[in-house]
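Asks: Give me coordinates for this.
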Amino acid sequence: MNQVVADFKTRDDVDAIKRDRAALHKAAINLSAGFVVAVFTVITSASFASLIFAGPLTGFVPVGIRMGLVTAVLSGSWSPS
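Replies: Residues are numbered from 1 along each chain as shown. Have a look, this model is predicted:
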């Protein structure tokens, strides 16, 4: 225990470690949220394409899925300045 305490010379070292852990935690939350949104987008694009291209247009469902995903990527990457 004393060795661990001795490794930290100042309170600034401990604060820096806490900031690093907080930043890592925030990054993990953002990555998991991005993953959930990406999965939801894929599922939604497939569902809408299946609904829109039903009946005689069934052969075009893959094209509809592709159009939905491209639209989602383009609208998601555009951010107003």
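Asks: so where's this protein uncertain?
Replies: Under the criterion pLDDT under 70, the flagged ranges of the chain are 1-9, 79-81.
Asks: Strands of that one, start to end?
Replies: For the chain, applying DSSP state E gives no strands.
Asks: Quick one: the helices in it, in order.
Replies: Here the chain has its helices, by DSSP state H, at 2-7, 11-52, 61-77.
Asks: mind listing what's buried in stretch 63-70?
Replies: Residues 64, 65, 67, 68, 69 are the ones in stretch 63-70 that count as buried (16 or more other CB atoms under 10 Å). Where C-beta positions appear, they are placed from N, C-alpha and C, glycine not excepted.
Asks: Let's have these in CSV, adding distance to residue 28.
Replies: Formatted as CSV, the buried residues of stretch 63-70 follow (distance: CB to CB, whole Å):
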residue, distance to residue 28
64, 34
65, 30
67, 33
68, 29
69, 26
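Asks: quick one on the thing from earlier: can you tell me which of the helices of the chain is packed in deepest?
Replies: Highest mean neighbour count of the helices of the chain: helix 61-77, a mean of 13 (counted as mean count of other CB atoms under 10 Å).
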